[in-house]
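Chemist: Dropping a prediction and its sequence here:
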Amino acid sequence: MPDAPRGSILQRDKKTYAIVPRTPVGLLSLQNLEALTEVVRKYEIPIVKITSGQRLALVGIKEEDVEGVWKDLGMDMGKATELCVHYVQACPGTAVCRFGVQDSLGVGLEVEKLFVGMELPAKLKIGVSGCPMTCGESFVRDLGILGKKNGWTFIFGGHSGASARVGDILAEGLDTQQILDLTRRCLNYYRDHAKKKERAAAFVERVGLEEIKKALL
């Protein structure tokens with residue numbers, strides 16, 4: 001079977017493709033929205049789906065149209081199958097939500113800028129929440145950041161798949177720079193010690209939480 005066009009995923013009909021434009025922490029600009037409307041109309045894309053990770057999937061694209069869709073969109077390609085940091089999702093936090101106690105969008109954008117695309121042994125997803133209601137799904141993402149009144153809580157090893165797992169808290173009461181530094185150390189440690197295609201939840205189960213804390217804190 002020939003390789004899929006760049007930045008696309010072959011669908012179950014074995015004829016059409018899907019793409020996932022990069023939408024940092026789920027935010028879209030007016031320019032993005034206008035471009036999306038135009039390409040959906042121009043290329044007659046049948047399905048536009050908001051994913052669980054606050055991304056958009058454009059599904060049902062003809063093979064010969066994939067390159068043109070990307071060109072007309074003018075958006076970066078989101079990671080979908082690669083072994084790396086795929087995305088950062090975030091709740092509104094203090095930007096607009098009356099329950100927010102920390103700036104989840106601001107921190108989420110900073111984490112996205114620093115780490116999305118970082119090569120790892122397996123895919124990794126990050127959730128950032130601006131309050132303990134955890135609308136950013138921080139406890140069931142591979143790496144979670146949770147805002148409380150006294151600062152940020154760092155969570156690692158969550159999973160929302162068939163073998164669901166609530167992530168473990170590694171540290172609490174961190175400021176923004178401390179949470180970014182710990183995220184970097186944790187991802188580096190995971191990169192250097194995890195097995196190929198071993199998700200964070202399985203890695204924590206195998207290595208042990210105390211061993212990870214000893215290495216990172």
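Modeler: Perfect, I can see it now. Residues are numbered from 1 along each chain as shown.

Chemist: Pull out the buried residues from stretch 189-209.
Modeler: Neighbour-count burial for stretch 189-209 flags Y189, Y190, A194, E198, R199, A200, A201, A202, F203, V204, V207 (criterion: 16 or more other C-beta atoms under 10 Å). Quick note: C-beta positions are derived from backbone N, CA and C, even for glycine.

Chemist: Quick check: mean pLDDT of stretch 194-205?
Modeler: In this model, stretch 194-205 has an average pLDDT of 98.

Chemist: Dig out what K49 forms beta bridges with.
Modeler: For K49, the beta-bridge assignment (DSSP bridges) gives partners A57.

Chemist: now do L124
Modeler: V85.

Chemist: residues near it, how many?
Modeler: 24 (other C-beta atoms under 10 Å).

Chemist: what do you get for D142?
Modeler: Number of residues near D142 (other C-beta under 10 Å) recorded here: 29.

Chemist: do D3 as well
Modeler: D3: 7 surrounding residues under other C-beta under 10 Å.

Chemist: next one: Y43
Modeler: Counted with other C-beta under 10 Å, the burial measure for Y43 works out to 18 neighbours.

Chemist: before we move on, what about G108?
Modeler: Per other C-beta under 10 Å, the neighbour tally for G108 reads 28.

Chemist: Contacts only, for it.
Modeler: Residues in contact with G108, defined by C-beta atoms under 8 Å, 6 or more residues apart in numbering, are P24, V25, V88, Q89, A90, I126, V128, G136, I145.

Chemist: circling back to that earlier point, now the buried residues of stretch 189-209 in JSON lines, with distance to E82 and secondary structure?
Modeler: Formatted as JSON lines, the buried residues of stretch 189-209 follow (distance: C-beta to C-beta, whole Å; DSSP: H, G, I helix; E, B strand; the rest coil):
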{"residue": "Y189", "distance to E82": "20", "secondary structure": "helix"}
{"residue": "Y190", "distance to E82": "16", "secondary structure": "helix"}
{"residue": "A194", "distance to E82": "15", "secondary structure": "coil"}
{"residue": "E198", "distance to E82": "15", "secondary structure": "coil"}
{"residue": "R199", "distance to E82": "14", "secondary structure": "coil"}
{"residue": "A200", "distance to E82": "16", "secondary structure": "helix"}
{"residue": "A201", "distance to E82": "19", "secondary structure": "helix"}
{"residue": "A202", "distance to E82": "19", "secondary structure": "helix"}
{"residue": "F203", "distance to E82": "18", "secondary structure": "helix"}
{"residue": "V204", "distance to E82": "22", "secondary structure": "helix"}
{"residue": "V207", "distance to E82": "23", "secondary structure": "helix"}
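
Chemist: in this structure, which spans are strands?
Modeler: Read by DSSP state E, the chain holds these strands, from start to end of the chain: 9-10, 16-19, 47-50, 56-62, 85-90, 124-129, 143-148, 151-156, 168-174.
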